[in-house]
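J.: Coordinates only, no sequence provided:
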């Protein structure tokens, strides 16, 4: 791409420049799993990304599946039949999820990528290319998304340029499960309700301690005060509704009594059940 | 896994009881996604994995399309299943069915259908689990995953389809023994856990924490109570059935006694007059026909269900208590 040719070369940007993508954690999990299960000789896995395009133009990548392929020095053979079969199967379950692009493991875009990208361009306009660096080449697992722009001279296709687009990797879904069980290689036991509650309370207490420490530090002059944090803190404190102690007590006690009542009811029901059980067996023995 | 194939084959003879279900994080996410996307509709899917000694590894799964009653579509569903298995095998996924998962609403899963499905699976595979996920509870920051199987003694009884009181007593089977819950262990590949570490550094608070600290548990409690009341109605209907059965049984026995007495008196008279006595049994008489005893399966399942709701209510109430005390402590500060 010599600088002198710049005037003749045309970039056809078919997408808005603000295009961005959002990846669900499931997709990363799936890609990692496929990579682990890749065939012996394969260096990377590639596959199809499914999802939808949100009203604001963000590509929401929600699901994926691997597609077997063969790669030699300058050729890529994709199992197209497999791809279509799998697509049909997925559509049966969730017709709302359509092809939005494809993924490949490895760092960045490689030579063969243009060919595969061209194939996916025929399936869907402007596909997204997601790369997941499962080899941790730079010491970090980079996840990147690209769209391709065609570079043409007149109406002759010269090359495709892959342009990186912003990728949102926030994991709302996974947060609900709790990272604790997704992060560690082995978790012996799922946390129960009360254990979860305990962990949450510990988090809260730790946060309150942090705030205390910060405020103390500021008051003692050890840390330079930050107005923004100060405002946040005062807002938080102010958001507590003001109750008179008697009102508050009433509120807590009423709630407590409600809970106790339901607890009582359910305990009665349980006692009744075990009583009936005993009577039943006793009656049968007689 | 240092054991050789020979050793494994040798130990194959005596099946060890299933102790742990080991689930990949991937499977959990897939199940959650599928169940949540279609909530509140109830969905199912197939679990794939390996059976290793006392551990059942669930390494992948795929969802089933929502089932319709149409015959043609049902055949389609079977095709879909085969196709999916074939496709997954091509990318080296364990294509060994180990059970199925299904979503549920507030734990209302103990039905006859579940047992039937389980028996169907059990016919084909030696070891099978059912994983139950409750999307409605995840809003409270609880990961409501459960792995269940039917107990062996129950399966035996179900095969003979004999749920009379006598049989149950013989087997010493009560309603608690229908389902066995198996502890779940979660495993993630090193690669996945490395990614998670990198993508999500330790945050002090997560969405889960917010959900758990939500003070209002009323809607959940309300639904639970509603379901509980429905179950109570059901069980009282079952009780009435039994009462009816026992009443007719006693009536029949009284009739039989009366008939016998009459017959004996008659025989005495015949003896006195030198005639042969009449037999003391008369199978053709309708009062000797045995009354069918109603099956206890339904009442067992309902009882199970009630116990489940009670446990859930207890759990939620317990959580609410801690929240209230926390609130109180915070307010006093």
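T.: Here it is on my side, so go on. Bear in mind the structure is a predicted one, so any value in this text is a computation, not a measurement.

J.: Spell out which residues make up each domain of chain B.
T.: For chain B, automatic domain parsing gives the domain ranges B:16-214, B:230-332.

J.: Mean confidence (pLDDT) on the first one, please.
T.: Right, the one you point to is domain B:16-214. On average, the pLDDT along domain B:16-214 is 79.

J.: How much space separates residue A:84 from chain B?
T.: 11 Å (CB to the nearest CB, to the nearest Å). C-beta: built from backbone N, CA, C; applies to glycine.

J.: okay, the domains of chain B, which one's buried deepest?
T.: Each of those was scored by mean neighbour count; the highest is domain B:16-214, a mean of 18, by mean count of other CB atoms under 10 Å in any protein chain shown.

J.: Please state the offset of that domain from the chain centre?
T.: Here domain B:16-214 is found 11 Å from its chain centre; the criterion is CA atoms, centre = their mean, to the nearest Å.

J.: Can you tell me the element the closest residue to residue A:118 other than its chain neighbours falls in?
T.: Counting by CB to CB, 6 or more residues apart in numbering or on different chains, residue A:118 lies nearest to residue A:160, which is 7.5 Å off, once chain neighbours are set aside. Element membership for residue A:160 (DSSP states H and E) is strand A:156-165.

J.: quick one: the following helix or strand past that strand near chain B?
T.: For strand A:156-165, the succeeding helix or strand toward the C-terminus, using DSSP H and E, is strand A:167-168. No. Using CB under 8 Å from any CB of the partner chain, strand A:167-168 stays clear of chain B, with a minimum separation of 10.8 Å.

J.: again, but for stretch A:253-260
T.: Yes. Counting by CB under 8 Å from any CB, chain B has neighbours in stretch A:253-260: A:255-256, A:259-260.

J.: quick one: average pLDDT of the strand or helix carrying residue A:219?
T.: Using DSSP H and E, residue A:219 maps to helix A:193-220. Mean pLDDT, helix A:193-220: 83.

J.: Doesn't residue A:242 belong to a helix?
T.: No. Assessed with DSSP: H, G, I helix; E, B strand; the rest coil, residue A:242 is coil; it does not lie in a helix.

J.: any idea how far it is from chain B?
T.: 10 Å.

J.: Neighbouring strands - and their directions - for the helix or strand harbouring residue A:48?
T.: Taking DSSP H and E as the definition, one finds residue A:48 inside strand A:46-53. Here strand A:46-53 is paired, per DSSP bridges, with strand A:59-67 (antiparallel), strand A:98-105 (antiparallel).

J.: What's the first helix or strand after the helix or strand harbouring residue B:260?
T.: If you go by DSSP H and E, residue B:260 is part of helix B:218-272. Sequence-wise, the next helix or strand beyond helix B:218-272 is helix B:297-332, with elements assigned using DSSP H and E.

J.: what angle do that following helix and helix B:218-272 make?
T.: With axes from the mean of the first three to the mean of the last three CA atoms, to 10 degrees defining the directions, helix B:297-332 sits at 150 degrees from helix B:218-272.

J.: Run through the residues that contact residue 266.
T.: Reading this off chain A. Listed by CB atoms under 8 Å, 6 or more residues apart in numbering or on different chains, the contact set of residue A:266 reads B:228, B:309-310, B:313-314, B:317.

J.: think we crossed wires, I meant chain B
T.: Contacts of residue B:266 (CB under 8 Å, 6+ apart): residue B:278.

J.: got a pLDDT number for it?
T.: Residue B:266 is assigned 85 on the pLDDT scale.

J.: try residue A:115
T.: On the pLDDT scale, residue A:115 is placed at 80.

J.: pretty sure it is touching residue A:77, no?
T.: No. Using CB atoms under 8 Å, residue A:115 makes no contact with residue A:77, being 9.7 Å away.
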